[in-house]
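**Q** the amino acid sequence is not available; the structure is as follows:
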């Protein structure tokens, strides 16, 4: 446990901001939500739950006792609730098809990296036909895997044998590193889509900003001043830096009395 901020506090903060997203989706006041991002954050929620349950299930399978404390119970309960909330978000978003309160559907394509993936599919892999629909959704998970593996390898002084031995003995550590980077890469489709739309609805803007603030809390929980945990905090720092510009725009908009966030012209229609 971190002496600065207990992990269970951060876990319940996840529940709070995602419950806000679910409430906004049910009220049909969220427009321009990236389904790629929603699915990535749902996978992230289940990954955190699996990380907490891994060792208890492992030792139970071996017939051995695994001791847990109240903090573990509180944090695991939060991750379980958060996973359920995110599942509900996916269900509601799929059913509503991203309709706003006036009943008009948003037609901006959720096409983050689709052009680049299509080019790779046709030219590098030499496929004769276009890639399957939505296959490019897997790109953020692949990039996250490669990035987290390289960071973990770097934390073992780039010694491949030491890294593989460490990864086998500490699978939950690898899951934690992967999850931290996924929270950042998972927001890329949302930021890309928001730039294309130009105007982000207030509930969605608040949710994105809250995710950025939560990254800072994650760094405190992981131990921002502990250099031995740099492989974990680097993912938190990456995610926080990624959303920092948008969070600043959101704060400025609120200070001016604007509910929605307008993306400046120079940031719109950026090819990612």
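**A** Received the coordinates, thanks. Here the structure is a predicted model, which means the values were calculated and not measured.
**Q** ranges for the helices of this protein?
**A** With DSSP state H applied, the chain shows helices at 7-26, 35-61, 70-96, 114-119, 139-155, 160-169, 171-185, 188-197, 202-222, 230-255, listed in chain order.
**Q** now the second one, how far from the chain's geometric center?
**A** With Cα atoms, centre = their mean, to the nearest Å as the basis, the distance from the averaged C-alpha position of helix 35-61 to the chain average is 13 Å.
**Q** same thing with the third one?
**A** What separates the centre of helix 70-96 from the centre of its chain is 14 Å, taken as Cα atoms, centre = their mean.
**Q** and the helices of the chain as JSON lines, adding distance to residue 127 and mean neighbour count?
**A** Where C-beta positions appear, they are placed from N, C-alpha and C, glycine not excepted. Compiled in JSON lines, those are given as follows (distance: least, Cβ to Cβ, whole Å; neighbours: other Cβ atoms under 10 Å):
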{"stretch": "helix 7-26", "distance to residue 127": "36", "mean neighbour count": "19"}
{"stretch": "helix 35-61", "distance to residue 127": "22", "mean neighbour count": "18"}
{"stretch": "helix 70-96", "distance to residue 127": "29", "mean neighbour count": "17"}
{"stretch": "helix 114-119", "distance to residue 127": "10", "mean neighbour count": "14"}
{"stretch": "helix 139-155", "distance to residue 127": "16", "mean neighbour count": "17"}
{"stretch": "helix 160-169", "distance to residue 127": "32", "mean neighbour count": "12"}
{"stretch": "helix 171-185", "distance to residue 127": "25", "mean neighbour count": "21"}
{"stretch": "helix 188-197", "distance to residue 127": "23", "mean neighbour count": "22"}
{"stretch": "helix 202-222", "distance to residue 127": "35", "mean neighbour count": "22"}
{"stretch": "helix 230-255", "distance to residue 127": "31", "mean neighbour count": "19"}
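**Q** may I ask which helix or strand of this protein has the lowest mean pLDDT?
**A** With mean pLDDT, DSSP states H and E as the measure, the helix or strand of the chain carrying the lowest mean pLDDT is helix 114-119 (a mean of 79).
**Q** give me the contacts around that one.
**A** For helix 114-119, the external contacting residues (Cβ atoms under 8 Å, 6 or more residues apart in numbering) are 130-131, 135-136, 139, 271.
**Q** same check, this time on stretch 44-55
**A** With Cβ under 8 Å, 6+ apart as the test, stretch 44-55 has contacts from 11, 14, 18, 66, 72, 75-76, 79-80, 82-83, 85-86, 171-172, 175-176, 178-179, 182-183, 186.
**Q** sorry, back to before: which of the helices of the chain sits closest to residue 263?
**A** Nearest to residue 263 among the helices of the chain is helix 188-197 (5.6 Å), distances taken as Cβ to Cβ.
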